[in-house]
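In: sharing a model that was predicted from the sequence below.
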Amino acid sequence: MAEQLAKRPPKGILKPSSSFEYTEARRQSTQDLKWDEQNIKETFHPKNKDYGFMIVDEPKTPYNYDTATDPGGVNPQALAQKIQSATSMQPTALTPAVVVSEDQKKAEEAARAERHRLFEERRKKHYHMERYAPPENTGEEEEEEESED
């Protein structure tokens with residue numbers, strides 16, 4: 001059984017799998033890899049190199065506020081008057097709904113049912129329009145044109 005485990009499978013037509021093709025030479029080459037950390041530090045981290053952000057020494061753009069077009073502050077009396085008028089009004093969402101009698105409800109329901117019945121009827125007519133369509137060309141005209149030539 002140990003012989004079969006040590007045996008390599010026959011080479012197939014598919015792309016070689018890394019699990020079967022992983023040889024000892026390849027395993028040793030990855031273990032022999034060494035990093036020269038001093039060289040990396042000298043190359044990528046020189047002492048005189050600044051990796052910080054660039055500083056731009058420019059003043060911000062000045063903004064001159066035009067006081068001539070400014071209407072000034074809010075008039076306190078006008079503001080108080082608007083607040084008072086707004087608090088005295090009834091909110092529209094909380095106002096009581098219009099009372100509808102039972103006769104009006106029945107009449108609206110009957111009208112709604114009639115509109116729905118008419119809609120259903122028109123829809124059925126629309127889907128059965130093929131009987132009103134002009135007859136399709138059966139090819140008799142083409143035969144007549146060919147015989148004239």
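Out: Happy to help now that I have it. Numbers count the residues shown, from 1 in each chain.
In: what segments of the chain are helices?
Out: When secondary structure is read from DSSP state H, the chain shows helices at 2-6, 18-21, 24-31, 37-44, 76-88, 102-127, 140-148.
In: mean confidence score for the third one?
Out: The reference is to helix 24-31. Regarding helix 24-31, the rounded mean pLDDT is 62.
In: repeat for the second one
Out: Across helix 18-21, the average pLDDT comes to 58.
In: so who does residue 88 touch?
Out: Shown in contact with residue 88 (Cβ atoms under 8 Å, 6 or more residues apart in numbering): no residues. In this view, the C-beta of every residue, glycine as well, is placed from N, C-alpha and C.
In: and the gap between it and residue 81?
Out: Using Cβ to Cβ, to the nearest Å, residue 88 is found at 11 Å from residue 81.
In: what does residue 61 give?
Out: 41 Å.
In: which one of the two has more residues nearby?
Out: Neighbour tally, residue 61 and residue 81, criterion other Cβ atoms under 10 Å: the higher count belongs to residue 81, 11 against 5.
In: residue 118 versus the more buried one, what's the distance?
Out: Between residue 81 and residue 118 the computed distance is 54 Å (Cβ to Cβ).
In: and for residue 83?
Out: Going from residue 83 to residue 118 by Cβ to Cβ gives 52 Å.
In: and what of residue 90?
Out: Distance of residue 90 to residue 118, computed by Cβ to Cβ: 40 Å.
In: any regions of this protein where pLDDT drops low?
Out: 1-2, 4-5, 9, 16-32, 46, 50-53, 70, 91-96, 135, 137-149 (pLDDT under 70).
In: mind redoing it with 90?
Out: 1-76, 84-101, 124-149 (pLDDT under 90).
In: tally up the residues packed near residue 63, please.
Out: Neighbour number of residue 63 under other Cβ under 10 Å is 5.
In: the one 10 residues further on too?
Out: Applying other Cβ under 10 Å, we find 7 other residues in the vicinity of residue 73.
In: backbone dihedrals for it, please?
Out: phi -80, psi -180 (degrees, to the nearest 10).
In: enumerate every residue touching it.
Out: Contacts of residue 73 (Cβ under 8 Å, 6+ apart): none.
In: now do residue 129
Out: Counted by Cβ under 8 Å, 6+ apart, residue 129 has zero contacts.
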